[in-house]
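A.B. asks: 3D model of this:
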Amino acid sequence: FRAPPAPAEALSSGGVDVVGLANNPSLDYGGEALADMLPRLRALGIETVGAGADGVAARAPVIVVRQGLRVAFLAYVDVPVEGRLGFDTRSWEAGPEKPGLAWAVPGDMQFDIASARLKSDVVVVLLHFGLEGQSQFTHHQQDLAHTAVDAGAALVLGAHSHVLQPVEWYNGGLIAYSLGNLVFDGFAPPATYSALFAATLTPAGVVDYAIVPVMVDRGLP
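C.D. replies: Okay, the predicted model is just below:
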């Protein structure tokens with residue numbers, strides 16, 4: 001996937017503050033394209049998580065302050081080898097002096113979330129995981145999401161399946177396993193049935209949430 005730079009301005013004018021880049025298309029055009037994208041987004045006031053110039057940058061949190069509440073965001077990816085192409089997304093995992101993505105290694109997640117919790121009031125984790133086209137989350141998805149909550153995340157937001165998956169309360173945290181599609185063409189039902197997700201956050205965690213139904217019509221919500 002590749003897009004011209006102009007849509008970044010649409011994200012900014014639409015009120016997007018943080019984007020997760022830990023996903024299987026982020027390095028489709030290599031580290032050079034990633035390095036081009038990051039400053040373009042930040043120049044528009046959009047913070048990024050889940051990808052960076054090395055492993056430290058990819059796993060670093062972004063902290064957003066709203067109404068005095070410090071919200072830390074982290075993002076990770078864990079998707080299977082693509083059967084049709086045989087491509088292993090984990091080959092894009094960031095490392096020392098290697099640009100790339102934050103892979104959802106449970107021990108790394110636990111350390112990052114606990115560290116972010118010390119700097120914030122609440123932690124939100126974005127997980128790009130699971131199987132495309134599956135409306136039910138896998139045991140592996142559940143294990144990763146539970147790991148995030150047990151480590152201190154108040155909210156876990158999932159992506160990758162392109163269809164909606166269940167929402168689960170677990171150990172005082174809230175998990176939305178997949179929010180489906182929003183701006184994405186080339187799909188037919190049920191992938192065109194989606195939702196906007198809103199959560200009310202406090203220092204105690206998620207106190208309320210709402211789901212607004214969305215239909216994606218020719219790529220537009």
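
A.B. asks: all helices for this structure, in order.
C.D. replies: Secondary structure of the chain (DSSP state H): helices at 6-13, 30-43, 55-58, 106-119, 139-150.

A.B. asks: Please identify the buried residues of the shortest one?
C.D. replies: For helix 55-58, the buried set under the neighbour-count rule, 16 or more other Cβ atoms under 10 Å, comprises 55, 57-58. C-betas here are computed from N, CA, C, even on glycine.

A.B. asks: circling back: for Gly95, which of the helices of the chain is the nearest?
C.D. replies: Closest approach to Gly95 among those (Cβ to Cβ): helix 55-58, 4.9 Å.

A.B. asks: any idea how far that closest one is from the chain center?
C.D. replies: Distance of helix 55-58 from the chain centroid (Cα atoms, centre = their mean, to the nearest Å) equals 15 Å.

A.B. asks: Need the contact partners of that helix.
C.D. replies: For helix 55-58, contacts defined as Cβ atoms under 8 Å, 6 or more residues apart in numbering pick out 22, 50-52, 93-96, 98, 100-102.

A.B. asks: Next: stretch 189-204.
C.D. replies: 69, 71, 121-122, 124, 133, 135, 154-155, 157, 162-164, 174, 176, 179-182, 206-217, 221.

A.B. asks: Among the residues you listed, which lie within strands?
C.D. replies: Those of the contacts of stretch 189-204 mapping onto strands are 69, 71, 122, 124, 155, 157, 174, 176, 206-215, per DSSP state E.

A.B. asks: wait, what's in contact with the residue nearest the centre of the chain?
C.D. replies: Among the residues of the chain, the one closest to the centroid is Leu126, at 3.3 Å (Cα atoms, centre = their mean). Taking Cβ under 8 Å, 6+ apart as the criterion, Leu126 is in contact with 20, 22, 49-50, 73-76, 156-159.

A.B. asks: so Trp103 touches Val77, yeah?
C.D. replies: Yes - at 6.3 Å, Trp103 counts as touching Val77 under the criterion of Cβ atoms under 8 Å.

A.B. asks: what touches both of the two?
C.D. replies: Ala22.

A.B. asks: Pick out whichever of these two has more residues nearby.
C.D. replies: Between Trp103 and Val77, counting by other Cβ atoms under 10 Å, Val77 is the more crowded of the two (28 against 22).
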